[in-house]
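1. Have a look; sequence and predicted model below, questions after that.
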Amino acid sequence: MNYEEALKILTDKQSLGIKPGLSRVYKLLKVMDNPQNKLKIIHIAGTNGKGTVAYTVANSLIDSGFKVGLFTSPWIDDYREQIQINNEYIPKNDFAFYVDKYKANEATEFEFLTALMYKYFCDKGVDYAVVECGMGGREDATNTENGNLSVITSISLDHTDFLGDTVEKIAAEKAGIIKENSTCILYPNPLTEKIIEDICAEKNTRLVKVKEQGDINNNNLAVAQAVISALGVNCPVNLYKPLGRTELVNGVLLDGGHNVDAAKALANAIPANAEITAVIGMLADKDVDGYLSIVAPLCKKIVATTPSSPRALTADKLKVLALKYCADVSACNNPKEAVNIAEKNGLNLVCGSFYLLREVRQLISDN
């Protein structure tokens, strides 16, 4: 089996959607001899910042000479970027080998990918596995190990159909990754701190509460520093960010964040008094108006577009919402055409969805 065939087998499982419960991934991991229980795992959940914390922790450990596996999602540039060892994507032949060997399963796409990741990291003998939850925590496919270091980053409303319609309910779901007699590192979350405290107390788990540092980047850095300290590693910690998180490419700021807290972080990254021409695309199940209320007023011109996802909000509907906050908004359903239109007006921002960035990042990189 070659890589393209393996990738099709795995991505065809998208048709299964998102299914609750861990029975399928546990069954698959058992066939693999439970590799997740043979790893030192730093398990990260949260609404915003978990990718940044994961990359920062992983790279700090790599810089200290450790062999480090990193699992994050979603992907932007290459499907394999979700599974890395020391910043190298899983090789295509390894990816194809594991898919071929374990393809007889009932797991969803993310469940299969997660199990594959644990098996690959175990077989390659990583010193640490830095693992980002896909969504939530308690029933996330990554939440299958016996007990390791857990990290809870910023918590806000997102994925409410699956995780609950209040910040408190979402916090309880994300806190499901906390294990008995372990350590939990907590981002400054004043609205949900008591929930995490109670769960840690019930599980006899040491809670390390990071103090407010003034902004999301400093908070994420402080969380990563607390993780490295809890591991007993003495090394400098510098902030690293995944692709598509306030990433500057050829003078264009790219950000796939899609909720209010992500919008606030993006707003902080936009220079004061900058004349912003933006391409914005979003999914319909997000707080579109809340996001636009923060980002759109900063824009001089917006080209609304439709990301390639069945959950996408159409460009025309996004345009109507954006006009509440920006006087110059046009609509173009095709993301690449939207970028070409915006470039004629000095494009300097693409935001609102990782699906959108996946489609246009290479186009912008090549310009």
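-> Structure received.
2. Every contact and neighbour count from this point should use C-alpha atoms.
-> OK.
3. backbone phi and psi for residue 234, please?
-> Here the main-chain torsion angles of residue 234 (degrees, to the nearest 10) amount to phi -110, psi 100.
4. That one against residue 228, yeah?
-> Yes: contact criterion Cα atoms under 8 Å: residue 234 and residue 228 qualify, at 7.4 Å.
5. Find me whatever residue is spatially closest to residue 275, sequence neighbours aside.
-> Leaving aside its sequence neighbours, residue 275 sits nearest to residue 300 (Cα to Cα, 6 or more residues apart in numbering; 5.8 Å).
6. and what of residue 146?
-> Distance criterion Cα to Cα, 6+ apart; nearest residue to residue 146, sequence neighbours excluded, is residue 37 at 6.0 Å.
7. Name the SS class of that neighbour, please.
-> helix (DSSP: H, G, I helix; E, B strand; the rest coil).
8. which SS class is the residue nearest to residue 275?
-> Here residue 300 is recorded as strand under three-state DSSP.
9. Isn't it up against residue 322?
-> No: with contact defined as Cα under 8 Å, residue 300 does not reach residue 322; the gap is 11.6 Å.
10. Between these two, which is the more surrounded one?
-> Set residue 300 next to residue 322 and count neighbours by other Cα atoms under 10 Å: residue 322 wins out with 26 against 15.
11. Who are the contact partners of the more buried one?
-> 289, 292, 296, 329 (Cα atoms under 8 Å, 6 or more residues apart in numbering).
12. cool, residue 176 as well?
-> Residue 176 is in contact with 137, 138, 139, counting by Cα under 8 Å, 6+ apart.
13. Need the pLDDT of it.
-> Listed pLDDT for residue 176 reads 92.
14. Next: residue 168.
-> For residue 168, the model assigns a pLDDT of 80.
15. okay, now it: neighbour count?
-> Residue 168 has 19 nearby residues by other Cα under 10 Å.
16. OK, contacts around it?
-> Per Cα under 8 Å, 6+ apart, neighbours of residue 168: 191, 192, 195.
17. again, only this time at 6 Å
-> residue 192 (Cα atoms under 6 Å, 6 or more residues apart in numbering).
18. Take stretch 238-248, keep the C-alpha atoms, and write them as CSV.
-> Provided in CSV are the C-alpha atoms of stretch 238-248 (Å, rounded to 0.1, in the frame of the first residue of the first chain):
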residue,chain,number,x,y,z
ASN,A,238,10.5,30.1,24.1
LEU,A,239,7.0,30.5,22.6
TYR,A,240,6.4,28.4,19.4
LYS,A,241,3.2,28.5,17.4
PRO,A,242,1.7,26.0,14.9
LEU,A,243,1.0,26.9,11.4
GLY,A,244,-2.0,29.2,11.0
ARG,A,245,-2.0,30.7,14.4
THR,A,246,-1.3,34.5,13.9
GLU,A,247,1.3,33.3,11.3
LEU,A,248,2.8,35.9,9.0
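19. Any chance you could list what contacts it?
-> Stretch 238-248 has contacts (Cα under 6 Å, 6+ apart) with 52, 55, 56, 221, 253, 254, 255, 256.
20. Give me the nearest residue to the second one, chain neighbours excluded.
-> If you skip the residues right next to it in sequence, residue 55 has residue 240 as its closest partner in space, 5.7 Å away by Cα to Cα, 6+ apart.
21. Low-confidence ranges, the stretch 101-250 of the chain, go.
-> Within the stretch 101-250 of the chain, the stretches with pLDDT under 70 are 157-165.
22. hey, where'd the helices end up in it?
-> For the stretch 101-250 of the chain, the helices defined by DSSP state H, counting those that start in this stretch occupy 109-123, 160-163, 167-174, 193-202, 216-230.
23. can those helices go into TSV with extra columns for distance to residue 354?
-> Shown next, in TSV, are the helices of the stretch 101-250 of the chain (distance: least, Cα to Cα, whole Å):
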stretch	distance to residue 354
helix 109-123	16
helix 160-163	18
helix 167-174	21
helix 193-202	29
helix 216-230	19
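24. Can you tell me which of the ones you listed is nearest to residue 62?
-> Nearest to residue 62 among the helices of the stretch 101-250 of the chain is helix 216-230; the distance by Cα to Cα comes to 11.6 Å.
25. send the alpha carbons of the closest one over as CSV?
-> Below are the C-alpha coordinates for helix 216-230, written out as CSV (Å, rounded to 0.1, in the frame of the first residue of the first chain):
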residue,chain,number,x,y,z
ILE,A,216,-2.8,35.1,25.9
ASN,A,217,0.7,34.7,24.5
ASN,A,218,2.4,35.3,27.9
ASN,A,219,-0.2,33.0,29.6
ASN,A,220,0.5,30.2,27.1
LEU,A,221,4.3,30.7,27.6
ALA,A,222,3.8,30.5,31.4
VAL,A,223,1.8,27.3,31.1
ALA,A,224,4.5,25.7,29.0
GLN,A,225,7.1,26.8,31.5
ALA,A,226,5.1,25.2,34.3
VAL,A,227,4.9,22.0,32.3
ILE,A,228,8.6,21.9,31.8
SER,A,229,9.2,22.6,35.5
ALA,A,230,6.7,19.8,36.5
